[in-house]
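A.B. asks: Sharing a model that was predicted from the sequence below.
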Amino acid sequence: MKCVICKHGETKEGKVTVTLEKGASTIVFKDVPAMVCDNCGEKYIDEKVTKKLLEKARELVKNGAEVDIRKFQSAA
């Protein structure tokens, strides 16, 4: 897929780090599968993966996490 940000690069499968913040909480997920532009580095995360990231982050924030760093696991 052509990158919609830089309009020059092509996206390739890769893994990225995603940081989510809500209020005083910061949640970091490593090794998240994504399509990454080979020119500008823009990352595109699939809808299913995004849903899992947000669900897990909400759960962690609800349980009082202020800072949490974890490896993304697709089977949550």
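C.D. replies: It's in. None of these values were measured; they are calculated from a predicted model.
A.B. asks: Show me what the helix or strand that Leu60 is a member of is packed against.
C.D. replies: Assigning secondary structure by DSSP states H and E places Leu60 in helix 47-62. Contacts defined by 3 or more CB pairs under 8 Å, 6 or more residues apart in numbering; DSSP states H and E place helix 47-62 against strand 11-22, strand 25-37. Yep, even glycine has a C-beta here, placed from its N, CA and C like the rest.
A.B. asks: A strand includes Ala65, no?
C.D. replies: No. Assessed by DSSP: H, G, I helix; E, B strand; the rest coil, Ala65 does not belong to a strand; its assignment is coil.
A.B. asks: For it, the count of nearby residues, please.
C.D. replies: Using other CB atoms under 10 Å as the criterion, Ala65 is surrounded by 15 other residues.
A.B. asks: Going forward, count from 813.
C.D. replies: OK, 813 is where the count begins now, so the last one is Ala877.
A.B. asks: Check whether it really touches Ser837, as I assumed.
C.D. replies: Yes. Using CB atoms under 8 Å, Ala877 is in contact with Ser837, at 5.7 Å.
A.B. asks: ok so, going back, which one of the helices and strands packed on helix 859-874 lies closest to Met813?
C.D. replies: strand 823-834 (4.8 Å; CB to CB).
A.B. asks: okay, the helices and strands packed on helix 859-874 in TSV with mean neighbour count, distance to Lys814 and mean pLDDT next?
C.D. replies: As requested, the helices and strands packed on helix 859-874 are arranged in TSV below (neighbours: other CB atoms under 10 Å; distance: least, CB to CB, whole Å; pLDDT from 0 to 100):
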stretch	mean neighbour count	distance to Lys814	mean pLDDT
strand 823-834	13	8	97
strand 837-849	18	9	97
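A.B. asks: closest to Cys815 out of the ones you listed?
C.D. replies: Minimum separation from Cys815 across the helices and strands packed on helix 859-874 (CB to CB) falls at strand 837-849, 3.9 Å.
A.B. asks: angle of that closest one against helix 859-874?
C.D. replies: Angle of strand 837-849 versus helix 859-874, following axes from the mean of the first three to the mean of the last three CA atoms, to 10 degrees, is 170 degrees.
A.B. asks: Tell me which other helices or strands whatever helix or strand comes next after strand 837-849 touches.
C.D. replies: Once the chain leaves strand 837-849, the next helix or strand it forms, by DSSP H and E, is strand 855-856. Under the contact criterion of 3+ CB pairs under 8 Å, 6+ apart, strand 855-856 touches strand 823-834, strand 837-849.
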